[in-house]
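**Q** got a predicted model here, sequence first, then my questions.
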Amino acid sequence: SYNSSDKNYIGFEIRDKGNPQLSWKGSSGSPSKLLFDQVNVCTGEWVHLAVTYDGQKGICYVNGEAKQTINLTGDIGTAFTLNSPTAIGGDFRTGNGYPFKGQIASAAIYADTRDVGEVCADMIKPDTDDQNLLVYYELNSSNASVIEDLSYKGEYDIANPWIDNEEPENYAYSFMVIGD
């Protein structure tokens with residue numbers, strides 16, 4: 001079962017009041033989180049949501065505009081590895097009561113911190129040849145049991161949670177959504 005006290009993880013979720021939250025526990029061993037409590041993405045309209053973190057500050061962008069910056073020093077380090085199972089729209093934590101309610105068109109994870117110009121360009125469609133694009137999934141039209149990784153490497157396909165939602169027996173939790 002999932003136990004955040006002994007595993008590295010990275011998570012992204014939309015809290016009850018529409019506030020985006022990025023949380024992680026990496027190489028430092030201490031859990032950290034960025035709760036963007038001045039941002040509400042529950043508008044009833046499509047939004048492009050991006051969160052960046054550079055080890056000093058986290059920025060939440062909505063439709064290409066920086067909405068909130070939080071200063072927090074820390075290192076995500078080894079919190080996210082591409083070999084960890086990834087859940088989009090939910091997670092495998094025991095007793096998780098916060099599945100995503102709504103629609104997610106796409107999700108992307110980058111190895112670098114995006115600047116505002118890159119965030120705005122990614123709103124249209126990520127450059128799949130970008131060497132910093134670790135994974136990219138288009139979710140809005142997938143009926144397959146596996147969702148293909150459309151990044152330049154194309155190595156990390158994931159099980160479609162709307163087709164097959166069985167909880168794996170052995171896993172490390174990681175979850176990141178940058179939805180359109």
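**A** Received, thanks. This one's a predicted model, so the numbers in the text were calculated from it and none came from an experiment.

**Q** so where's this protein uncertain?
**A** 1-7, 27-28, 75-87, 89-100, 141-146, 158-180 (pLDDT under 70).

**Q** mind listing the strands in this protein by residue range?
**A** 9-14, 20-25, 31-35, 49-53, 57-62, 65-71, 106-110, 133-138, 146-147, 158-159 (DSSP state E).

**Q** roughly how far apart are Tyr110 and Glu148?
**A** 18 Å (Cβ to Cβ, to the nearest Å). Placement of C-beta: from N, CA and C, glycine included.

**Q** correction: the previous question concerned Thr113.
**A** From Thr113 to Glu148 the distance is 26 Å (Cβ to Cβ).

**Q** can you pull the contacts of Asp54?
**A** Contacts were defined as Cβ atoms under 8 Å, 6 or more residues apart in numbering; by that measure Asp54 touches Thr113.

**Q** can you redo the strands of the chain as CSV, where the extra columns are distance to Asp127?
**A** CSV is the format used below for the strands of the chain (distance: least, Cβ to Cβ, whole Å):
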stretch, distance to Asp127
strand 9-14, 21
strand 20-25, 23
strand 31-35, 26
strand 49-53, 14
strand 57-62, 17
strand 65-71, 21
strand 106-110, 10
strand 133-138, 7
strand 146-147, 19
strand 158-159, 21
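
**Q** out of these, nearest to Thr43?
**A** Closest of those to Thr43 is strand 57-62, at 8.9 Å (criterion: Cβ to Cβ).

**Q** does Glu13 touch Gln21 like I think?
**A** Yes - contact status for Glu13 versus Gln21: in contact at 5.5 Å, counting by Cβ atoms under 8 Å.
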